[in-house]
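Visitor: I would like to see how this sequence folds:
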Amino acid sequence: MIWFRVGRLVEQLKSTATAPIGKVDDDEALKYLIGNMVILTLGSVGAQIAPEATTPNPSVIAFDLVLQITATVAAVIWAFRENRRGDSKDFFKRFICLSFPITLTLGLLALPVMGLGLVGASMMGIEKVSMNSLTLVIDLIQSIAYAVWISRAMASTAAP
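Guide: As a prediction, this is how the structure comes out:
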C-alpha cells in the first residue's frame, strides 16, 4: 500500500497489455478503501472535538457544507471524465486508490496550517468569526487541490 507517493501508485494502476487491470488487485484496493474510511472517520471525530474557538455558527456550517459537496461532486465528475478520455477502465478502483494518498497528504499538510492559525489567532486575540473564515479558506484550498490532483492523477493513470 502506497501512503504518499501518488506518482508511484499511478504507475501501478495503469493498464497495460501485459497487465490489463494494473498491478493493484481487489485485495489491495480494499486496503485503500479502508484507509479512506478511516480518514473520513477521523475527520468526523476531529470536527466533533474541535476547540470552542473554531466551532462555527450554523450559517458557516451550511456554507462549508455546500462548498464541500460542490467540490466533491466536481472532483468526482472531473476525474471520471479524465478516466473516460483515457482508456476508460477501472474508474472506481483507481478513484478509491488515488483518493487515499491524496487525502492523507492534504490532510497532514492542513494540520500545521490550522495549528499556526489557532496559535496566531489566540496570540492576536482574533475573534471566532475570523477563525471560521480561516477554516473556510483552508477547506476551499484543500477542495480545489484535491480536485486538481485527483483529476491529473486519473488522467495519467488512464493515459493510453
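Visitor: show me what contacts A145?
Guide: Neighbouring residues of A145 by C-beta atoms under 8 Å, 6 or more residues apart in numbering: L106. Backbone N, C-alpha and C define where each C-beta goes, glycine included.
Visitor: for it, give me the pLDDT.
Guide: Looking at A145, its pLDDT is 92.
Visitor: just give me the neighbour total for A147.
Guide: By other C-beta atoms under 10 Å, 20 other residues sit near A147.
Visitor: does L98 touch M154 like I think?
Guide: Yes. Applying C-beta atoms under 8 Å, one finds L98 in contact with M154, separated by 6.6 Å.
Visitor: overlap of the contact sets of the two?
Guide: Common contact partners of L98 and M154 (C-beta under 8 Å, 6+ apart): A79.
Visitor: so what touches stretch 70-83?
Guide: 89, 91, 94-95, 98, 140, 143-144, 146-147, 150-152, 154-155, 157-158.
Visitor: can you do 10 Å?
Guide: Here stretch 70-83 makes contact (C-beta atoms under 10 Å, 6 or more residues apart in numbering) with 88-92, 94-95, 98-99, 102, 139-140, 142-159.
Visitor: among those, the buried ones, what's the ChimeraX command?
Guide: Selection command for ChimeraX covering only the buried members of the contacts of stretch 70-83, criterion 16 or more other C-beta atoms under 10 Å:
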select :89,90,91,94,95,98,99,102,139,142,143,145,146,147,149,150,151,152,153,154,155,156,157,158
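Visitor: in helices, which of the contacts of stretch 70-83 fall?
Guide: If you go by DSSP state H, the contacts of stretch 70-83 have 91-92, 94-95, 98-99, 102, 139-140, 142-158 in helices.
Visitor: and K23, how many neighbours?
Guide: With neighbours defined by other C-beta under 10 Å, the count for K23 comes to 12.
Visitor: sec struct for it, please.
Guide: coil (DSSP: H, G, I helix; E, B strand; the rest coil).
Visitor: name the nearest residue to it, sequence neighbours excluded.
Guide: Q12 (4.4 Å; C-beta to C-beta, 6 or more residues apart in numbering).
Visitor: any idea how far the one you found is from M124?
Guide: Look at Q12 and M124: by C-beta to C-beta, to the nearest Å, they are 46 Å apart.
Visitor: so for the two, which sits in the more crowded spot?
Guide: Remark: of Q12 and M124, Q12 carries more neighbours, 14 against 8, as counted by other C-beta under 10 Å.
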